[in-house]
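Participant: Compute the structure for the input listed below.
(2 chains)
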There are 2 protein chains.
Amino acid sequence: MYAAPLQRLIGELSKLPGIGTRTAQRLAFHILRVQDEDAYALALAIREVKEKIGLCEECFNLAEGPRCPICQDARRDPTLLCVVEEPADVFPIERTHEWSGRYHVLGGALSPIDAVDEEDLKIAELYDRVQRDGVKEVVVATNPTTTGEATALHVAAGIHQRAAHVNVTRLASGLPVGADLEYADELTLGRAFAGRRTL
Amino acid sequence: MYAAPLQRLIGELSKLPGIGTRTAQRLAFHILRVQDEDAYALALAIREVKEKIGLCEECFNLAEGPRCPICQDARRDPTLLCVVEEPADVFPIERTHEWSGRYHVLGGALSPIDAVDEEDLKIAELYDRVQRDGVKEVVVATNPTTTGEATALHVAAGIHQRAAHVNVTRLASGLPVGADLEYADELTLGRAFAGRRTL
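Facilitator: From the prediction side, this is the model:
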């Protein structure tokens, strides 16, 4: 029904996560309506992000050159590592200003169902870093999900086996700030009880 | 915080309608994760839609060449015109299979607040077509909004003035199929009463 280039754009847009056909149509008509320069700026930004951004050779976070800004920053303690699943997880942690160490991005979580095993993640590289850099603490900040928890246990065991002195910790799990007990799910509330602290 | 190309992509994505910063971040990280070919296909589709799609010189619908497929289709009756605001309005009407005539896309609706007046829309071109093609009926299918209604009245008066014999009609306004009377707004329900038909 639509002209072929428009149909192609709708098709490409609807491959994006959370974008259904109706939204893709709306976005495509918007792109048709805006100034050429604005549309070309978007197209160029998509190309450039693929061309210019790679992974840091040290921590596998996103980087414009061989190393990311955090690994380049001498003030960040290289003996403290925070292990996350994805590059997108680094920014929310940075925003808390609670972490002065470095990161290690695994590139996912262990998941037998999705055929993701140890070789698909940067786990060997993590063990190398821990041994090489004299790491003192590893905070395993994988997601509090089934796969994230499994990955955390696996990584913790692997580190203890290779470097028994390293303190391996996990982020606290419990009620989010501002939550209402009445609506908390039983798993989260259970975790909150298990992790209760003395006032 | 993010690398500059990523920040630029997030900025460009968040200019799209209905895409906030969080969604733009999610989409940008998705684009970073997918295969290069998929990202480039999206970038190319954006460029091509701007380069290859223009407006039909006859009806101002979207067209890949000088004329849209509907104006090229000899089976579509040129003496029946359906007037819509935007190219995006043509597709939903085509989907009903209720209309065998042609279209005329105004490019918007009259709106003194937004400084859109007759010269900004393809209204003179509509009058020309009506007189030139021996049009018998014009269905004014502008939106049932304040500006759409005003445009419909304006266009109807203009056509009557120039070609008194032309039958100018307006789409029925009333309860949408599947609606619940209890939740209908009073304007729509009022329209439904005013437009009641004998069973």
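Participant: rest of the way, CA atoms for contacts and neighbours
Facilitator: Fine.
Participant: For the residue lying closest to A:Glu118 once chain neighbours are set aside, give me its contacts.
Facilitator: Of all residues beyond its chain neighbours, the one nearest A:Glu118 is A:Leu110 (6.7 Å), with distances taken as CA to CA, 6 or more residues apart in numbering or on different chains. Contacts for A:Leu110 (CA atoms under 8 Å, 6 or more residues apart in numbering or on different chains) come out as A:116-118, A:121, A:147-148, A:150-151.
Participant: could you redo the last one with a cut-off of 10 Å?
Facilitator: A:85, A:116-121, A:146-152, A:154-155 (CA atoms under 10 Å, 6 or more residues apart in numbering or on different chains).
Participant: So among the residues you listed, which ones count as buried?
Facilitator: For those, a burial check counting by 16 or more other CA atoms under 10 Å in any protein chain shown picks out A:85, A:118, A:121, A:147-152, A:155.
Participant: For the contacts of A:Leu110, work out which two are farthest apart.
Facilitator: For those, the maximum inter-member distance is 19.1 Å, found between A:Glu119 and A:Thr146 (CA to CA).
Participant: Per-residue pLDDT of the residue nearest the centre of chain A, please?
Facilitator: The centre of chain A sits closest to A:Glu86, judged by CA atoms, centre = their mean, with a distance of 2.3 Å. Turning to A:Glu86, the model gives it a pLDDT of 93.
Participant: how near is the closest residue to A:Ala150 other than its chain neighbours to A:Leu181?
Facilitator: Excluding the flanking residues, the one nearest A:Ala150 by CA to CA, 6+ apart is A:Leu110, at 6.9 Å. According to CA to CA, to the nearest Å, A:Leu110 stands 32 Å off from A:Leu181.
Participant: What of A:Thr151?
Facilitator: 29 Å.
Participant: A:Glu48 too?
Facilitator: For A:Glu48 relative to A:Leu181 (CA to CA), the value is 46 Å.
Participant: A:Asp38 too?
Facilitator: Taking CA to CA, one finds A:Asp38 at 47 Å from A:Leu181.
Participant: what's the closest of the buried ones among the contacts of A:Leu110 to chain B?
Facilitator: A:Glu85 (13.1 Å; CA to the nearest CA).
Participant: Spit out the contact partners of that closest one.
Facilitator: A:104-110, A:121-122, A:140-143, A:148, A:151-152.
Participant: tally of neighbours for whichever residue of chain A sits closest to chain B?
Facilitator: The nearest approach of chain A to chain B comes at A:Ala43, 4.2 Å away (CA to the nearest CA). Residue crowding around A:Ala43 was assessed by other CA atoms under 10 Å in any protein chain shown; the count is 23.
Participant: so what's it up against?
Facilitator: Contacts of A:Ala43 by CA under 10 Å, 6+ apart are A:37, B:9, B:12-13, B:39-47.
Participant: and it, that's in a helix?
Facilitator: Yes: per DSSP: H, G, I helix; E, B strand; the rest coil, A:Ala43 lies within a helix segment.
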